[in-house]
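# My questions are about this predicted structure, shown below with the sequence.
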Number of protein chains: 2
Amino acid sequence: MLIGELAERAGTSPRTLRYYEEHGLIRPRRDANGYRQYDDGELRVVHEIRTLLADGFGVDDIKPFVACLRAGNSSGHVCPDSADMLRRRLAEVDGFIDQLTAVRERLRTQLQEIKCQMTH
Amino acid sequence: MLIGELAERAGTSPRTLRYYEEHGLIRPRRDANGYRQYDDGELRVVHEIRTLLADGFGVDDIKPFVACLRAGNSSGHVCPDSADMLRRRLAEVDGFIDQLTAVRERLRTQLQEIKCQMTH
DNA sequence: CCTTGCCTTGACGCCGGTGTCAGGGCCTAC
DNA sequence: GTAGGCCCTGACACCGGCGTCAAGGCAAGG
């Protein structure tokens, strides 16, 4: 499978797949003409990568998950390294939610103040 | 008051104040030698700007608040334009919280799956 | 006069995942 | 032969609130 086909099947672009490769997440073989050649299993890997990115991980955080998948595990998050990353990211997300919640409270308070001023 | 003094009193840097000016949020007078000259009221304005930035507004969203303050209002968010911005940002923040909450649920679920696998 | 310390403008760097353009090769169909 | 569609590498653009460096002016004190 060439890069264009994998990109389309994964719902992304060749540029993106080359970027993942550049960061050590994929290692396709090369045809005699230099074209990247992917086998079907890589589709699964790309999906895993995209899911993790959507969950806010950085490309460099994702390596353990890919390694875990390649090691033959049914999912990429069952290995210790992956679990560590999951816990770290969970803590980070909790922090962000707390911050945003505080912001939300401030905004609601300010809007409430406006309403009060209008009635007086 | 020169830029260095205002910066220190506001807990920020001259570079930052010049950046705000560049985006139309502050308009200091100029001394004969070209130095920016601020009067005491600007400290209040800068504090307002920094609070709004901390709440996630962009510099270009902040103009209405500053205009509202300069118009003589006791706070920058009582004017209609400011209130609109507050409502927009509140909706945006709600959206972000929803997204992050969804991410958190996925992470927790995955961590839970790992625990289950370990006991079996 | 010279140093020190403030001020001035202008411009590049950061971060990260991707779009996009440039310049060029391979392969197939006509 | 040539047109079109895929592939290659390399590199700049984006966004946004600054940090930071460069190169230079002004003022005051020794």
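Good, I have the coordinates.
# C-alpha only now, for contacts and for neighbours.
Fine.
# State which helix of chain A is the longest.
Longest among the helix segments of chain A by residue count, using DSSP state H, is helix A:80-119.
# Any idea how far it is from the middle of the chain?
Relative to the mean C-alpha coordinate of its chain, helix A:80-119 is positioned 21 Å out (C-alpha atoms, centre = their mean, to the nearest Å).
# what comes up buried for that helix?
By 16 or more other C-alpha atoms under 10 Å in any protein chain shown, the buried positions in helix A:80-119 come out as A:82-83, A:85-86, A:89-90, A:93, A:96-97, A:100-101, A:103-104, A:107, A:110-111, A:114.
# Please list which of the residues you listed also come close to chain B.
A:83, A:86, A:90, A:93, A:96-97, A:100-101, A:103-104, A:107, A:110-111, A:114 (C-alpha under 8 Å from any C-alpha of the partner chain).
# and the closest residue to A:Gly4 other than its chain neighbours, how many neighbours?
Counting by C-alpha to C-alpha, 6 or more residues apart in numbering or on different chains, A:Pro14 is the residue found nearest to A:Gly4 once chain neighbours are left out, at 5.8 Å. By the measure other C-alpha atoms under 10 Å in any protein chain shown, the count of residues near A:Pro14 is 15.
# Could you check how far A:Pro14 is from DNA strand D?
7 Å (C-alpha to the nearest atom of the strand, to the nearest Å).
# Span of stretch A:67-74 from start to end?
The first and last residues of stretch A:67-74 sit 12 Å apart, counting by C-alpha to C-alpha, to the nearest Å.
# Ok, stretch A:53-64 next?
So stretch A:53-64: terminal residues 13 Å apart, C-alpha to C-alpha.
# Touching, A:Ile26 and A:Thr16? I think so.
No - using C-alpha atoms under 8 Å, A:Ile26 is not in contact with A:Thr16, being 11.3 Å away.
# more neighbours, those two?
Between A:Ile26 and A:Thr16, counted using other C-alpha under 10 Å, A:Ile26 has the larger neighbour count: 19 against 11.
# Nearest residue to that one in space, ignoring adjacent ones along the chain?
A:Tyr20 (6.3 Å).
# Return the distance of the one you found relative to B:Glu22.
Distance from A:Tyr20 to B:Glu22, by C-alpha to C-alpha: 38 Å.
# So which of the two has more stuff around it?
A:Tyr20 (17 against 11).
# how long is stretch A:56-64 end to end?
End-to-end for stretch A:56-64, by C-alpha to C-alpha: 15 Å.
# The residue in chain A that DNA strand D sits nearest to: neighbouring residues, count only.
Here the residue of chain A nearest DNA strand D is A:Gly4; by C-alpha to the nearest atom of the strand that distance is 3.1 Å. Neighbour count of A:Gly4, defined by other C-alpha under 10 Å: 15.
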